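> what follows is a protein structure lacking sequence information:
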Ligand SMILES: CC(C)(COP(=O)(O)OP(=O)(O)OC[C@H]1O[C@@H](n2cnc3c(N)ncnc32)[C@H](O)[C@@H]1OP(=O)(O)O)[C@@H](O)C(=O)NCCC(=O)NCCS
């Protein structure tokens, strides 16, 4: 299930975002306290209307995040009417198809409700799992490039 983040999610966010295996590949600083997680929800998640918690239906717990990267903060030059998608999921939930399921739900929303022409995904060259998520959702490889010294790949999905 995708829904907006709430301040009360800070404990769950800290549980998964304090894991360096997630933060290093997601390219944001590892969370070092529940207060930091609360600040991230307040300052970054709640100010972005297109950022969603990935919530397990069975438990109601937010275990990951998916959303549109704010304009101007993309890792690769976005085309007109195109937005970059970013995502991560807590380590215990890797490899269960959950991020693919979340991205497959986000795509029609971006096409039908937001009227976007295309979506971008960028990944570290070594991040095979993220590249597989992109490919499984129909994205096509478009370029190799360097971002802050990291060899990276860009993928695009045309929506129209
Ligand atoms: C990338 C990430 C979001 C993937 O989430 P996920 O829910 O595990 O993804 P899925 O289960 O939907 O799909 C992962 C796919 O990658 C494959 N995979 C994972 N690691 C792999 C590896 N080392 N080599 C080959 N395939 C690999 C899985 O087998 C699966 O593909 P399959 O269904 O064809 O078998 C998750 O690993 C994560 O949060 N990583 C840290 C943060 C991050 O990298 N974010 C993206 C930044 S671009």
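Everything's here; your move. Note that this is a predicted model, so its numbers are computed, not measured.
> up against the ligand, what does the chain have?
By Cβ under 6 Å from any ligand atom, the residues of the chain that approach the ligand are 22, 25-26, 87-89, 94-100, 123, 127-130, 132-133. Glycine gets a C-beta too; all of them are placed from N, C-alpha and C.
> apply 8 Å and report the result again.
For the chain, the residues found near the ligand under the criterion Cβ under 8 Å from any ligand atom are 21-27, 64, 86-91, 93-103, 121-124, 127-133, 136.
> type out the PyMOL command that picks the buried ones from those.
Buried subset of these, written as a PyMOL selection, criterion 16 or more other Cβ atoms under 10 Å:
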select buried, resi 22+23+26+27+64+86+87+88+89+90+98+99+100+101+102+103+121+122+123+124+127+130+131+133
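> tell me which residue is most central in this structure.
For the chain, the residue nearest the mean C-alpha position is residue 87 (1.6 Å; Cα atoms, centre = their mean).
> and that residue, what does it touch?
Residue 87 makes contact with 54, 64, 65, 66, 67, 99, 102, 103, 130, 133, according to Cβ atoms under 8 Å, 6 or more residues apart in numbering.
> look up the closest residue to the fifth one, ignoring the ones flanking it.
By that I understand residue 67. In space, not counting the residues next to it along the chain, residue 67 is nearest to residue 51; the distance is 3.3 Å by Cβ to Cβ, 6 or more residues apart in numbering.
> thinking again about what came up before, for my notes, please list the contacts of residue 87 in TSV and give secondary structure, distance to residue 110 and pLDDT for each entry.
As requested, those are arranged in TSV below (DSSP: H, G, I helix; E, B strand; the rest coil; distance: Cβ to Cβ, whole Å; pLDDT from 0 to 100):
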residue	secondary structure	distance to residue 110	pLDDT
54	strand	16	98
64	strand	18	98
65	strand	16	98
66	strand	11	98
67	strand	10	98
99	helix	16	98
102	helix	12	98
103	helix	10	98
130	helix	18	98
133	helix	15	98
